[in-house]
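1. Turn this into a model:
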Amino acid sequence: MADQIVFGTGGWRAVIADTFTKANVCRLAQGLAERIQHEEVADRPVVIGYDQRFLSPEFAWWAAQTLAANGVHVHLIDRPAPTPMIMWTVRDKGCAYGLAVTASHNPAIYNGIKVFTEGGRDAEVEITASLQDAVNAIPDEQVRSMPADKALDDGLITVQTSMNWYIDAILDQIDLEAIRHAHLKVVLDPMFGVSRTCLQTILMTARCDVDTIHERRDTLFGGRLPSPNSKTLHSLTQEVLERHADLGIATDGDADRLGIIDDQGRFLHPNQVLVLLYTYLLEEKGWTGPVVRNLATTHLLDRVAEAHGQRCYEVPVGFKWISSKMAETDAVIGGESSGGLTVKGHIQGKDGVYAASLLVEMIARKGRSLSQIYADIEERYGRLEMVEDDFGFTPERKAELTQQIHVDKDLPDFGLEVDHVSDLDGVKVYFRNGGWVIVRFSGTEPLLRVFAEMPEAAMAQECIDKVVAKYQLG
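-> Purely as a prediction, here's the structure:
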């Protein structure tokens, strides 16, 4: 029996050639095929797509060949494609399931698979937990496969290479006329990932002046994490300043998250992007409705919602929770501080391509620079600063930390008046001054994550430092 497949908050991710192997990928496909047969939805194709990572195309084909061998039709997007495009295709074709071979923003030694369900949304935890148990019980000799040529000849695998349907769907939702007359200059950084074709096409169709960096395939991602944050976007910052661009747009490895550099060369935190877009949708586009965020995302969204007579809903980390709550509450927008967001009327999942397009529309329609637009937000709603850090651990150390944090509830003395404490996901302490701190284990990597938000960055850092000292991290 192969090593166990374990689903986290972002699907199944594992180190290539360790747990992420051909045998395990085919075993997962076998388990999904059996689930599909049991649910009697084999007449609806499974959409499979892949990113730029090492062996991603091969893993996608191996999964397709196993599904085909079980009589399940596969619609294979046979070119590196954004995860949101794969999700959109699941919805567009009315499929019951979809798979994306990607490890998103994880280090280059990882690969993974995200599972999508009807409507193109992240699979609920009940589905991934059930699938995980079923897959891990499948003996190796029960896993089927068939030659790719035969599957193609028999019509069990259909290949798609065009991105135009997805691109056109986004173009239909943005104000092209406004963007065309704004003459915006944009620098795009796909971070050696999959967003270049889609975003470049959308921006150039809207008559933007586009320069692109880091667009080729590099399975080592230039030696950096393919995660768009203040530590990884120095090249983009330099390009924006040198080219006097209106903004820089970066997307992570599978293009479901984005990072933004403003016209002053400053990194715009995903929290700020969420606040900007929620305000824009309410005030400029006339939308109404609540907002959904996870519990490690800015409470500035709560202030914006309250000012417009709306509500902000808090959910655990994992975009599946955001998608579910948005569907339940008919929310306008939902997102997380790590850079993922989705907007009502699009897919029920993160889409860095659509979010970037909407941000460009916002700048064009408001006729002001991005830095000016956000300065107005701070003037109206105040400032909140977030600081975050990650800490690795051994299995033994994780057990000790779990006991101390989750069982003993042994929390640091932050020197602030506490309003309440939540264990919805990790441990989050809410302070009377409106700030908060959360400590939680990552669902995708062996890391303990610590986030703090306060009126000033120094206050947030002080909270982080107290967590570090209390649990002897670092």
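
2. quick one: the strands in the stretch 151-300 of the chain?
-> All strands of the stretch 151-300 of the chain, identified by DSSP state E, counting those that start in this stretch, fall at 157-160, 185-189, 209-212, 247-251, 258-261, 267-268, 291-294.

3. neighbouring strands for the shortest one, and are they parallel or not?
-> Under the criterion DSSP bridges, strand 267-268 sits next to strand 258-261 (antiparallel) in its sheet.

4. what sits up against the strand it pairs with?
-> Strand 258-261 is contacted from outside by 187, 228-229, 232-233, 236-237, 240, 247-252, 267-268, 270, 273, 339, 352, 355-356, 359, 370, using Cβ atoms under 8 Å, 6 or more residues apart in numbering. Quick note: C-beta positions are derived from backbone N, CA and C, even for glycine.

5. Under the pLDDT cut-off, which ranges of the protein? List them.
-> 1-2 (pLDDT under 70).

6. tell me the domain boundaries of it?
-> 7-161, 166-381, 385-471 (automatic domain parsing).

7. can you redo these as TSV with mean neighbour count?
-> Listed next are the domains of the chain as TSV, based on neighbours: other Cβ atoms under 10 Å:
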stretch	mean neighbour count
domain 7-161	21
domain 166-381	21
domain 385-471	16
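
8. need the next SSE after the helix or strand containing E58, C-terminal direction.
-> Element membership for E58 (DSSP states H and E) is helix 56-69. Next in sequence after helix 56-69, counting helices and strands by DSSP H and E, comes strand 74-80.

9. packing partners for that following strand?
-> Judged by 3 or more Cβ pairs under 8 Å, 6 or more residues apart in numbering; DSSP states H and E, the packing partners of strand 74-80 are strand 46-50, helix 56-69, helix 83-92, strand 157-160.

10. thinking again about what came up before, next, the angle from the helix holding E58 to strand 74-80.
-> With axes from the mean of the first three to the mean of the last three Cα atoms, to 10 degrees defining the directions, helix 56-69 sits at 170 degrees from strand 74-80.

11. other SSEs contacting helix 56-69?
-> Going by 3+ Cβ pairs under 8 Å, 6+ apart, helix 56-69 lies up against helix 22-39, strand 46-50, strand 74-80, strand 97-101, strand 110-117, helix 148-153, strand 157-160.

12. Mind doing that once more with 7 Å?
-> In this structure, helix 56-69 makes packing contacts with helix 22-39, strand 46-50, strand 74-80, strand 97-101, helix 148-153, judged by 3 or more Cβ pairs under 7 Å, 6 or more residues apart in numbering; DSSP states H and E.

13. Can you tell me which of those is nearest to P57?
-> Proximity to P57 (Cβ to Cβ) singles out strand 46-50 among the helices and strands packed on helix 56-69, at 5.6 Å.

14. what lines up beside the closest one in the sheet?
-> Checking strand 46-50 against DSSP bridges gives partners strand 74-80 (parallel), strand 97-101 (parallel).

15. if we look at it, which residues are touching it?
-> 56-57, 59-60, 63-64, 67, 72, 74-77, 80-81, 85-86, 89-90, 93, 95, 97-102 (Cβ atoms under 7 Å, 6 or more residues apart in numbering).

16. 6 Å - rerun?
-> Contact with strand 46-50 is made by 56-57, 60, 64, 67, 72, 74-77, 81, 86, 89-90, 95, 97-101, as judged by Cβ atoms under 6 Å, 6 or more residues apart in numbering.

17. Strand 110-117 and the helix or strand hosting S323, what's the angle between them?
-> In this structure, S323 sits in helix 319-329 according to DSSP H and E. In terms of direction (the same axes, to 10 degrees), helix 319-329 departs from strand 110-117 by 20 degrees.

18. what pairs with the residue nearest to L268 when sequence neighbours are not counted across the strands?
-> Using Cβ to Cβ, 6 or more residues apart in numbering and skipping the chain neighbours, the partner closest in space to L268 is I260 (4.1 Å). Going by DSSP bridges, I260 is paired in beta bridges with I249, L268.

19. what's the answer for V74, then?
-> With DSSP bridges as the rule, V74 is bridged to V46, I157.

20. what does Y97 give?
-> Applying DSSP bridges, one finds that Y97 bridges with T117.

21. what about it, distance to C26?
-> 16 Å (Cβ to Cβ, to the nearest Å).

22. list the contacts for T232?
-> R224.

23. Straight-line length of stretch 184-202, end to end?
-> 13 Å (Cα to Cα, to the nearest Å).

24. I misspoke; the intended subject was stretch 239-248.
-> Per Cα to Cα, stretch 239-248 runs 8 Å from first to last residue.

25. now it, how far from the centre of its chain.
-> 25 Å (Cα atoms, centre = their mean, to the nearest Å).

26. before we move on, back to that, in a markdown table: the strands of the stretch 151-300 of the chain, plus distance to F7.
-> Listed next are those as a markdown table, based on distance: least, Cβ to Cβ, whole Å:
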| stretch | distance to F7 |
| --- | --- |
| strand 157-160 | 25 |
| strand 185-189 | 30 |
| strand 209-212 | 34 |
| strand 247-251 | 24 |
| strand 258-261 | 25 |
| strand 267-268 | 31 |
| strand 291-294 | 18 |
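
27. can you dump the C-alpha coordinates of stretch 342-359 into CSV?
-> As requested, C-alpha coordinates have been extracted for stretch 342-359 and formatted as CSV (Å, rounded to 0.1, in the frame of the first residue of the first chain):
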residue,chain,number,x,y,z
THR,A,342,-14.0,35.8,-5.3
VAL,A,343,-16.9,38.1,-6.4
LYS,A,344,-20.6,37.3,-6.7
GLY,A,345,-21.6,36.2,-10.2
HIS,A,346,-18.3,34.6,-11.1
ILE,A,347,-17.0,31.2,-9.9
GLN,A,348,-17.4,30.1,-6.3
GLY,A,349,-13.7,30.1,-5.8
LYS,A,350,-10.6,32.2,-5.8
ASP,A,351,-9.7,33.9,-9.1
GLY,A,352,-6.6,36.1,-9.3
VAL,A,353,-7.2,36.8,-13.0
TYR,A,354,-10.7,38.2,-12.5
ALA,A,355,-9.8,40.1,-9.3
ALA,A,356,-6.9,41.8,-11.2
SER,A,357,-9.2,42.7,-14.1
LEU,A,358,-11.7,44.2,-11.7
LEU,A,359,-9.0,46.2,-9.9
